[in-house]
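S.K.: Pasting the sequence and the predicted model now:
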Amino acid sequence: MSHAPRRHDIDALRFLVFSLLIVYHTAMLYLAGADFHMKSTYLTESLNFPMVFINRWRMEIVFIISGVSCAMMTQTTRGAFLWRRMQRLLLPLVFGLLVIIPVQPYCEGVSNGLVAPGYGQFLLDYFGHRAWPAGAFTGWKTSFTWNHLWYLVYLLLYTVAVVALQPLLARMRPLLTGLRGWRLLVLPALPALAATAFLKLRYPETHALVKDWYAHAIYFTMYLYGWWLGNDKGLWQELARLRWHALLLAPCAFAVYIGFDLIYSENLLTWASTGSWPMRNLYMWLAICAILGWSHTLLNRPFAWLAWGRQAVYPWYILHQSAIVLLAYWLVPLKLGPVREPVLILAGTVAICWGLTSLVISKVNWLRPCFGLPARPNLAAGAAMSAA
């Protein structure tokens, strides 16, 4: 596969979507009834609709972007491509699990009153697989959790699957790339609808990898869509042409979906599910079409901030949730108020991510690959010259 030109819209969209993830996870501290590792005392139900509005497509579009990015990479052989992807994903995953993630179960456990204060002793117990009190923290049964880094685990799995099945999937590619008009806005939502109807209630999303069949069906389908979409200029042009249609139809689908869901929860099998589930998945796909179409139209240009954003997005993703949980652990007990507290947590998270990435990670050679960053150009060039 030949080398594709840099797609500025994909780089910009990746940065914006992962930035939204920071805001979303901060908001989870304040959403009443939501399951998160820390909780503020200033809980509200007013965030429910905007959070659902975002949640129905936020991870789906992340996997589509990942699929697009992989499809646009220079590929010599399937083995060489897979090895490059494993290098980019495995080391940050292992480093994150060992160094970045443990602060989250510690803060969660201490806040729950089920873990004794003292981070050093906690690490010894955590990695020593101590038997924890029931419900001490997410992953207490196994003394292990990957929390938000589940995305890297799933992405690695899907990449292996796509590489292994590439000849078959290449023949299936026209199923997506051949769609135009209303078919492009509707038909790709059908596999997600099937997953919702047959898997969602039986296998609710857990991010535990094993038996997470509903999540796998949705996210692998989206990753595959991104892989097929890749550099297909005709399909990108069609998404741009349909951007107004998708933008107008998506809120309508959301409104109908919420209407059905207010009658009965979508997590129950009732007559309302026959309306709720199709509209949920139609809204998801229309929102994605709108985002892809508008980003291709507006963002495909070399913005001044893009080079920095392209480098920052991976370290910020790895760091952000640990920063949010740690700041909440410190600030929630201070009762700073329903405005000042979230502002400080969000601003503090951005400051921690920016400071560690710009001042430490990007400048320490051995840390760069631990956060998914390539070797610094001058060092890479020097290594190449010495090898020659």
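M.R.: Perfect, thanks for sending it.
S.K.: what is the mean pLDDT for the strand or helix carrying Arg84?
M.R.: Following DSSP states H and E, the helix or strand that holds Arg84 is helix 78-95. Across helix 78-95, pLDDT averages out at 91.
S.K.: gap between that helix and the chain center?
M.R.: With CA atoms, centre = their mean, to the nearest Å as the basis, helix 78-95 stands 18 Å off its chain's centre.
S.K.: Dump that helix to PDB, keeping only the CA atoms.
M.R.: The C-alpha trace of helix 78-95 is given here as PDB (Å, rounded to 0.1, in the frame of the first residue of the first chain):
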ATOM      1  CA  ARG A  78       0.800  -7.600   7.000                       C
ATOM      2  CA  GLY A  79       3.400  -8.800   9.500                       C
ATOM      3  CA  ALA A  80       5.400  -5.600   9.400                       C
ATOM      4  CA  PHE A  81       2.300  -3.500   9.800                       C
ATOM      5  CA  LEU A  82       1.100  -5.600  12.800                       C
ATOM      6  CA  TRP A  83       4.500  -5.400  14.500                       C
ATOM      7  CA  ARG A  84       4.500  -1.600  14.100                       C
ATOM      8  CA  ARG A  85       1.000  -1.400  15.700                       C
ATOM      9  CA  MET A  86       2.000  -3.700  18.500                       C
ATOM     10  CA  GLN A  87       5.000  -1.500  19.300                       C
ATOM     11  CA  ARG A  88       2.800   1.500  19.400                       C
ATOM     12  CA  LEU A  89       0.100   0.000  21.600                       C
ATOM     13  CA  LEU A  90       1.700  -2.600  23.900                       C
ATOM     14  CA  LEU A  91       4.300  -0.500  25.600                       C
ATOM     15  CA  PRO A  92       2.000   2.300  26.500                       C
ATOM     16  CA  LEU A  93      -0.500  -0.200  27.700                       C
ATOM     17  CA  VAL A  94       1.900  -2.000  30.000                       C
ATOM     18  CA  PHE A  95       3.500   1.200  31.200                       C
END
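S.K.: Report all helices and strands that that helix contacts.
M.R.: With contacts taken as 3 or more CB pairs under 8 Å, 6 or more residues apart in numbering; DSSP states H and E, helix 78-95 sits against helix 150-164. Just so you know, the C-beta spots here come from the backbone N, C-alpha and C atoms, and that holds for glycine as well.
S.K.: Could you figure out how far the helix holding Arg84 is turned away from helix 150-164?
M.R.: Interaxial angle of helix 78-95 relative to helix 150-164 (axes from the mean of the first three to the mean of the last three CA atoms, to 10 degrees): 170 degrees.
S.K.: Packing partners of the next helix-or-strand element following helix 78-95?
M.R.: Under the assignment DSSP H and E, the closest C-terminal helix or strand after helix 78-95 is helix 103-111. Judged by 3+ CB pairs under 8 Å, 6+ apart, helix 103-111 is in contact with helix 119-127, helix 306-331.
S.K.: For Met194, which non-adjacent residue is closest in space?
M.R.: Slight slip there: residue 194 is Ala, not Met. Closest residue to Ala194 apart from its sequence neighbours, by CB to CB, 6 or more residues apart in numbering: Ala217 at 7.8 Å.
S.K.: Was I right to think that neighbour contacts Lys200?
M.R.: No. Between Ala217 and Lys200 there is no contact under CB atoms under 8 Å: 9.1 Å.
S.K.: For stretch 196-209, list the C-alpha coordinates in CSV.
M.R.: Output of stretch 196-209 as CSV, limited to C-alpha atoms (Å, rounded to 0.1, in the frame of the first residue of the first chain):
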residue,chain,number,x,y,z
THR,A,196,-28.3,-4.2,20.4
ALA,A,197,-31.3,-6.5,19.8
PHE,A,198,-29.4,-9.8,20.2
LEU,A,199,-26.5,-9.0,22.6
LYS,A,200,-27.0,-5.9,24.7
LEU,A,201,-29.3,-7.3,27.4
ARG,A,202,-27.5,-10.6,27.6
TYR,A,203,-23.9,-9.2,27.5
PRO,A,204,-24.0,-5.7,28.9
GLU,A,205,-20.9,-3.6,28.2
THR,A,206,-18.1,-4.3,30.8
HIS,A,207,-14.8,-3.5,29.1
ALA,A,208,-13.5,-6.7,30.7
LEU,A,209,-12.5,-8.2,27.2
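S.K.: what's in contact with it?
M.R.: For stretch 196-209, contacts defined as CB atoms under 8 Å, 6 or more residues apart in numbering pick out 146, 150, 153-154, 157, 211-215, 217, 267, 269, 277, 280-281.
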